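Colleague: Predicted model and sequence follow; I will ask about them next.
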Amino acid sequence: MLEEKVLQTIKKFDMLSFNDRVLIGISGGPDSVTLLNVLLSIKKSYNLSFFIAHLDHMIRGKESDEDVNFVKNLAQELSLPCEVKSCDLKKIAQKEHLTLEEAARKHRYKFYFETAKKFKTNKIALGHNADDQVETVLMRFLRGSGLEGLMGIPPVRGKIIRPLIECSREEIEEYCKENKTGYRVDSSNKEVVYFRNKIRLELLPLLSKDYNKNIKDVMLRLRSIISEVSAYLNQETEQLFKEIVRQENPEMVIIDLKKFTSLPLVLKRRIIRKSIEVVKGNLYSISFRHNNEILKIAEYQLGEKEIHLPDNLMAKKIYNKIMIYKNRISENQTEEIATPWKYDILIPGKTEIKTLGMMVEIKVLDSADIKSSLYFTKKKSKGKFLEFIDYNKVKPPLKLRNRRSGDRFYPLKMKGLMKVKDFFIDNKIPKGYRDLIPILVDSEDKIIWIMGMRLDDRAKINSDTKKVLCIKTKIKNIFLQEYF
C-alpha cells in the first residue's frame, strides 16, 4: 500500500516528530492531494497539526482560479487553516530576467517559508515523487551538473520534507483512483515548451522504448549511488575544512595553500565550493568555470592574483593563502585610506580611528609598576596586541600614519637600518595592503612601532627605563588582522 510506503520513507529519513506543525504545499494536483490525505491518515500517530498553502501563478487564467477555489474548498472541508497568494509570474520572470520555471521555483519557496513563519510551522511538506526525481537528475545531467546536482531532490532539506519522494507517479494516480480522490489537472504539464515537460513527455519515453525499458529504475539507482559517494566526500570535506580553512567572520574565509595543494583534486574542488558557500550563503551562479579559476590562481607562483566571482565575491591569492570574501569590504575600506593619512594619538587616553577600524589606548606607567600591572602580558590574539615603549626615548605628540616613500627604521632584534618597504616584503605583506599598515611615529617623524609587527630598537625599554608608554590596540579590519 502507498500509505505504508510513505510511512517507511518518513521513518527512513526521520521526516516527522511528535507534535510537529506541518505546512503542506497544495497545488491541487494528484501529488499534493495524495500527500495531504496520507499525512491525515497518520495525524493522530504523531499528534500533528496541519496548515495549507497555495500559490497562484496567474498563468492559466480561469483554470488557475479554479485551482484556487479547489484548494480553498478542500481546506474548508477539512477545517484546516489555509493561506492563498497570487503573483503575476510572467511579469516577475521578465523583471528578474528568469525563465518561468526559475521564477516559479524561487517565488514558490519564498511563499512557503513566509507562510511557515506566519503559522509557526516547523516542517514544510511538498509532494515531489520518484518520477520528479528521475526528471530532475536527467535535467541536471543535461545541464552539466556535478555530483551534488545529480543527487537530485533531497528527501529532507532543513524544514522541507518530501514524504512521496520514493513513490512513483503511477502509484500516486492509482491511489487516487482507488480512494476516489478528486484533484486538479494542470494543462501546462502537457506543454513541451518547458524543459522538464520535454524530459517527461519526449526524452524519457524515447529512452524507455529504444534504449532501456527500466530507465527510471536505472536513474534512481544512479542517484542513490551518487548520494552515497557524495555523503562520504562531504564527510571528508567537513573534516579537512576545519583543518585548512579559517573563517575570519561571516564575510571572509582563508584557505591555507600549504595543506590545500597536497589534496586530491576532488577534495580541492569541494573545499572551494564549501568556502564560497560559507561566505555567500549559497552556490547560486557559481559554476565549474569559477571553481577552475580559483584552482588556477592557487597554482599561481608570483605572489598575488585575484578574480571576481558572481554576487560581488572575490577570491584572492596572497603568497600561501587564498582569501574568499565579499568585495564591498575591501572596496569601502581601501577607498577611505588609499591616500596618505595621519592621526593624532592621545597620551594618555583612548583614540578611535573609524576609517581603520582601530582603537588605540595608551597608559603612562612607572617602570616599577609594569611587572605588577595586568598590562604586562604581551600575548597576542587576533587583532589585539600590546607594546611597551620607553617614554623618554620618544618625543610626543605621537601620531599614527601609513608608510611614506623612503621610510626606514631599526627593527628590534635585528642589526642596522632597514627600509620599511623591504620589511614588508620580507614579511610577505601584499602590495595592496602595505598602505594600510599603521605606523606609530613621534613629533620628529621617527618610526617607533610598525604596529602589531615590529618595535623600533631605539624605543625599547631596558633596566634604565623610568617611564613606560603601555599601548593597547584593537583592530577590527579583517585584512589588517591577517598580517598581525
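Modeller: That came in fine, so what should we check first? The structure presented is a predicted model; accordingly, all values stated were derived computationally and were not measured.

Colleague: So which residues of the stretch 201-350 of the chain form helices?
Modeller: 204-210, 215-244, 257-260, 265-280, 288-298, 327-337 (DSSP state H, counting those that start in this stretch).

Colleague: F288 and M314, how far apart?
Modeller: For F288, the distance to M314 (CB to CB, to the nearest Å) stands at 19 Å. No exception for glycine: its C-beta is placed from N, CA and C like everyone else's.

Colleague: Same list as before, the helices of the stretch 201-350 of the chain that is, but in TSV and with mean neighbour count included.
Modeller: Putting these into TSV (neighbours: other CB atoms under 10 Å) gives the following:
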stretch	mean neighbour count
helix 204-210	13
helix 215-244	15
helix 257-260	16
helix 265-280	19
helix 288-298	15
helix 327-337	14
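
Colleague: Output the below-cut-off pLDDT ranges for this structure.
Modeller: The chain contains residues with pLDDT under 70 at 248, 302-303, 328-339, 368-383, 432, 477-484.

Colleague: Domains in it, by residue range?
Modeller: As assigned by automatic domain parsing, the chain contains the domains 2-213, 250-331, 338-481.

Colleague: Save those domains as TSV, and put in distance to E243 too.
Modeller: Output for the domains of the chain, formatted as TSV (distance: least, CB to CB, whole Å):
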stretch	distance to E243
domain 2-213	22
domain 250-331	7
domain 338-481	18
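
Colleague: which one of those lies closest to I244?
Modeller: Of all the domains of the chain, it is domain 250-331 that lies closest to I244, at 4.2 Å by CB to CB.

Colleague: how far does the closest one sit from the chain's center?
Modeller: 13 Å (CA atoms, centre = their mean, to the nearest Å).

Colleague: Make sure E101 is indeed in a strand.
Modeller: No. The assignment for E101, made by DSSP: H, G, I helix; E, B strand; the rest coil, is helix rather than a strand.

Colleague: these two touch, right, it and Y194?
Modeller: Yes. In this structure, E101 is within contact of Y194 by CB atoms under 8 Å, at 6.0 Å.

Colleague: Just the endpoints, please. Distance across stretch 254-261?
Modeller: End-to-end distance for stretch 254-261, by CA to CA, to the nearest Å: 14 Å.

Colleague: can you check stretch 204-215 too?
Modeller: OK, stretch 204-215 end separation, CA to CA: 8 Å.

Colleague: And the residue nearest the centre of the protein?
Modeller: In the chain, the residue lying closest to the centroid (CA atoms, centre = their mean) is G281, at 2.4 Å.

Colleague: That residue: what's it in contact with?
Modeller: Counting by CB atoms under 8 Å, 6 or more residues apart in numbering, G281 makes contact with nothing.

Colleague: Please report how far it lies from E251.
Modeller: From G281 to E251 the distance is 10 Å (CB to CB).

Colleague: do the same with L400
Modeller: 25 Å.

Colleague: If you count surrounding residues, which of those two has more?
Modeller: It is L400, of L400 and E251, that has more neighbours when counted by other CB atoms under 10 Å, with 21 against 17.

Colleague: Which helix or which strand is home to the more buried one?
Modeller: In the assignment (DSSP states H and E), L400 maps to strand 398-401.
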